[in-house]
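Novice: Structure for the following, please:
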Amino acid sequence: MLKEFKAFILKGNVVDLSTGVIIGAAFGTIVTAFTKGIIEPILKAIGGNPNVSLGIKIGQFTNEKGEVIPNMLDIGMIINAIIGFLITAAVIFFVIVKPVNTLLARMKKAEDAAPPPPPAADIVLLTEIRDLLKK
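Specialist: Down below sits the predicted model:
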């Protein structure tokens, strides 16, 4: 069983996946800093407060101190999460995905433009023998 586990762990997919998770977590902090440091101040400058606060009262309850507290559905929290997701997705797309795709396309063009490697010496020799036999 230990041998199977070792084979599973050392597969390329597991190593790639774990590396991706670690890099993703590190990149998440970069995206959060970018959003909080650049995007949110721009949104505040344009439209005031970027946090949407929309609540729908669905009743009320009394706590231990006897205070009446309204029971609210916070739609604004969902809207904020959606906006945050869209901002994060846009940052990832324009900062990571688009440049990497452009770079890969350029590398593919360079590979396509490169001449094919010359045939191996044994292939050349066999071709010469074939041509001599045809005569």
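Novice: drop to CA atoms for contacts and neighbour counts, all remaining ones
Specialist: OK.
Novice: For the biggest helix by length in the chain, enumerate the helices and strands it packs against.
Specialist: Ranked by number of residues, the top helix in the chain under DSSP state H is helix 12-34. The contact analysis (3 or more C-alpha pairs under 8 Å, 6 or more residues apart in numbering; DSSP states H and E) places helix 12-34 against helix 75-92.
Novice: Using PDB, write out every CA atom in the helix or strand following the helix it packs on.
Specialist: Sequence order places helix 98-113 as the next helix or strand after helix 75-92, per DSSP states H and E. Taking C-alpha atoms only, helix 98-113 is exported to PDB below (Å, rounded to 0.1, in the frame of the first residue of the first chain):
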ATOM      1  CA  LYS A  98      -4.100  37.200 -21.800                       C
ATOM      2  CA  PRO A  99      -0.300  37.900 -21.600                       C
ATOM      3  CA  VAL A 100       0.400  34.200 -21.200                       C
ATOM      4  CA  ASN A 101      -1.800  33.300 -24.200                       C
ATOM      5  CA  THR A 102       0.000  36.000 -26.200                       C
ATOM      6  CA  LEU A 103       3.400  34.700 -25.200                       C
ATOM      7  CA  LEU A 104       2.400  31.100 -26.100                       C
ATOM      8  CA  ALA A 105       1.100  32.300 -29.500                       C
ATOM      9  CA  ARG A 106       4.400  34.000 -30.200                       C
ATOM     10  CA  MET A 107       6.400  30.900 -29.200                       C
ATOM     11  CA  LYS A 108       4.200  28.700 -31.400                       C
ATOM     12  CA  LYS A 109       4.900  31.100 -34.400                       C
ATOM     13  CA  ALA A 110       8.600  30.800 -33.700                       C
ATOM     14  CA  GLU A 111       8.400  27.000 -33.600                       C
ATOM     15  CA  ASP A 112       6.400  26.900 -36.800                       C
ATOM     16  CA  ALA A 113       8.900  29.300 -38.500                       C
END
